[in-house]
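Peer 1: Based on what follows, work out the 3D shape:
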Amino acid sequence: MSVTMEATRGLLMARQFLNGRRAAARMSAGPGVRAGFRPGTNEDGELVALRSRRYPEPAPVPRSLQNRYEVSRSLVAGNPVITLTPHRHRRAGQHLIYTHGGGYVWPLGSAHWLLLDHATRDTGVTITVPLYRLAPESGVDAAYVMLSAVYTGLAERCEVSAITLAGDSAGGGLALGQAIAYRDFGLPAPKQVVLFSPWVDVAMTHPALASLEAVDPMLKARRLIVAGGLWAGDTDVRDPRISPLQADLRDLSPVHIFQGGRDILAADAHVLAHRLREAGNRGTFELAHSGFHVYVGAVWTPESRAALAQVRGLLSAEA
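Peer 2: From the prediction side, this is the model:
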């Protein structure tokens, strides 16, 4: 596959979406928000910016989704959860729990809603979006308290075999980490796990990292390591909740991975896919060789449209 000229022109928007969420933070929280991860700053400056910021607000649900879904809000473990229930053609019991990316430090943005809109269109699934509290204000322990409460609460109202866990980037790491944690807790398994360019090794130790960084137009390993350290806090970054690549991957629901080749996280995605196959997992691995990080978010491109058609098929399929 090749990324089209239109996709290339869209890299600036994607960069804002995925490399610090600066534009999303300004739009959703106002001009007073301090942006972190500015190009050219050192790690100390980035940490100061993050620790001194006003907590960023998530992007609002866009009108296009409000027109098609009933939007409800609740609190779980003190954190907001947004639920979108289709007005029409709802498939009873079919749910998607989506954890957004942002390096664990930036909020859900308008591009996440755009991706969700296209990934779920005409599937009839109900969408649940837990707004876990970000680092450095919070971290992994509190997030898993919230996410497990969301999952078990939903499991009381529907069959878990109808629940899909999904996420992009850091949120993809959370989606896979949840599946592993729920297996270890002895909870019923979800229908499947869908990952868009997942961040599965926060330590960033793969030897191919430098060569991938040279062709990745968005992400920098140093900045990711800083963000991952804030998220982990005092917890070892090799903890499977933080770096699910380090986990035992046996006995998981099918894990479907959609990955771009021009992405610093691509090497670990390949390793993840290989280990899943070795563990007998029935999932799939789709690689867009010229795709950038979370290329599926560029919904105007042929590569994204093809991938999201597959995702809609996965969501529509019976368990």
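Peer 1: got the contact list for Ser179?
Peer 2: Rather than Ser, residue 179 is Ala. By Cβ atoms under 8 Å, 6 or more residues apart in numbering, the contact list for Ala179 reads 165, 189-190, 193, 252-253, 255. Placement of C-beta: from N, CA and C, glycine included.
Peer 1: Is it correct that Tyr55 is in contact with Ser138?
Peer 2: No. Using Cβ atoms under 8 Å as the test, Tyr55 is too far from Ser138 to be in contact (9.8 Å).
Peer 1: Mind checking which of the contacts of Ala179 land in strands?
Peer 2: Using DSSP state E, the members of these that fall in strands are 165, 193, 255.
Peer 1: can you list those residues in TSV and add distance to Ile97, pLDDT and neighbour count?
Peer 2: Listed next are the ones in strands among the contacts of Ala179 as TSV, based on distance: Cβ to Cβ, whole Å; pLDDT from 0 to 100; neighbours: other Cβ atoms under 10 Å:
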residue	distance to Ile97	pLDDT	neighbour count
Leu165	5	98	29
Val193	10	98	27
Val255	15	98	25
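Peer 1: Of those residues, just say which sits nearest to Thr284.
Peer 2: Val255 (8.4 Å; Cβ to Cβ).
Peer 1: who does that closest one bridge with?
Peer 2: Beta bridges link Val255 to Val193, judged by DSSP bridges.
Peer 1: residue contacts, it?
Peer 2: Contact partners of Val255, counting by Cβ under 8 Å, 6+ apart, are 176, 179, 192-193, 195, 272, 276, 281, 283.
Peer 1: Of the residues you listed - the most surrounded one?
Peer 2: In terms of neighbour count, Leu176 stands highest of the contacts of Val255 at 31 neighbours, by other Cβ atoms under 10 Å.
Peer 1: and the gap between that residue and Ala162?
Peer 2: In this view, Leu176 and Ala162 are 19 Å apart by Cβ to Cβ, to the nearest Å.
Peer 1: ditto for Gly186
Peer 2: 19 Å.
Peer 1: thinking again about what came up before, out of Tyr55 and Ser138, which sits in the busier spot?
Peer 2: Higher neighbour count among Tyr55 and Ser138: Ser138, with 18 against 11, using other Cβ under 10 Å.
Peer 1: so where is this structure shaky, pLDDT-wise?
Peer 2: Where the chain drops to pLDDT under 70, the residues are 1-43, 90-92, 319.
Peer 1: export the contacts of Ala179 to a markdown table and tack on distance to Ala288?
Peer 2: Shown next, in a markdown table, are these (distance: Cβ to Cβ, whole Å):
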| residue | distance to Ala288 |
| --- | --- |
| Leu165 | 22 |
| Ala189 | 28 |
| Pro190 | 25 |
| Val193 | 19 |
| Leu252 | 24 |
| Ser253 | 24 |
| Val255 | 18 |
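Peer 1: how about those, which pair is most distant?
Peer 2: Ala189 and Val255 (11.2 Å).
Peer 1: Helices of the protein, start to end?
Peer 2: 5-9, 11-18, 22-29, 43-51, 63-66, 110-120, 140-155, 170-185, 209-213, 221-232, 266-278, 302-316 (DSSP state H).
Peer 1: for these, which one sits closest to Thr83?
Peer 2: Of the helices of the chain, nearest to Thr83 by Cβ to Cβ is helix 140-155, at 9.4 Å.
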